[in-house]
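Colleague: Pasted the sequence and its predicted model underneath.
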Amino acid sequence: MNGERTFNGSCFCGAVKFTVTGKPAGQGYCHCDSCRKWSAGPVNAFTLWDPESVHMTQGTEHVETYNKTEASYRSWSKVCGGHLFTKHLAMKLTDVYAATISNFPFEPGVHVHYQETTLHMHDGLPKMKDLPQEAGGSGDLLAD
């Protein structure tokens, strides 16, 4: 065994289950309009993983995917409607929603798309106007 931790996750009803192994490439909060509408909340907590670290363990036949744009492919359970993850093909990362991973030590490090926020969060974390440059954004920071 390589010593990497594995965490279990699932949709709302548990019909779809998955694991994530290792450490995420990033963790934080997204404030973009798409994530807010998708999550039905003012902000979305994300964890970004190498797609090789995400493994479906049950219910793959219950997973449905939709892409509003080529930038992201969002998946959910057809049984309960519970959201699962978003594949960001250009970034070569999978966003597994933090709330779907059981007992995961969520440690946010950044806010992205903060220019679109509807919920100002004064937590001392960096607030990116859009995305870091390496992810295709401007890399610009906004005031807390």
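Modeller: Ah, there it is.
Colleague: Strands of this structure, start to end?
Modeller: 6-10, 17-21, 26-30, 44-49, 54-58, 63-69, 72-77, 83-88, 93-97, 110-112, 127-128, 141-142 (DSSP state E).
Colleague: Flag the shaky bits of the chain, pLDDT-wise.
Modeller: Filtered on pLDDT under 70, the chain yields the residue ranges 1-2.
Colleague: got a list of what G28 touches?
Modeller: Listed by Cβ atoms under 8 Å, 6 or more residues apart in numbering, the contact set of G28 reads A45, F46, P108, G109, V110, H111, V112, L125. Bear in mind the C-beta positions are built from the backbone N, C-alpha and C, glycine included.
Colleague: Could you work out the most separated pair of those residues?
Modeller: F46 and L125 (13.0 Å; Cβ to Cβ).
Colleague: neighbour count winner among these two?
Modeller: Counted by other Cβ atoms under 10 Å, F46 and L125 do not tie: F46 has more neighbours, with 26 against 15.
Colleague: any common contacting residues for F46 and L125?
Modeller: Residues touching both F46 and L125 (Cβ under 8 Å, 6+ apart): G28, Y29.
Colleague: Excluding covalently adjacent residues, which one is nearest to E70?
Modeller: With Cβ to Cβ, 6 or more residues apart in numbering as the criterion, E70 has its nearest non-adjacent residue at 7.4 Å, and that residue is L89.
Colleague: and the nearest residue to F104 once chain neighbours are set aside, what does it touch?
Modeller: Nearest non-adjacent residue to F104, counting by Cβ to Cβ, 6+ apart: F7, 4.9 Å away. Residues near F7 by Cβ under 8 Å, 6+ apart: T19, V20, T21, I101, S102, N103, F104.
Colleague: now F7: how far from E70?
Modeller: For F7, the distance to E70 equals 29 Å [Cβ to Cβ, to the nearest Å].
Colleague: next one: E52
Modeller: 22 Å.
Colleague: With T94 instead?
Modeller: 16 Å.
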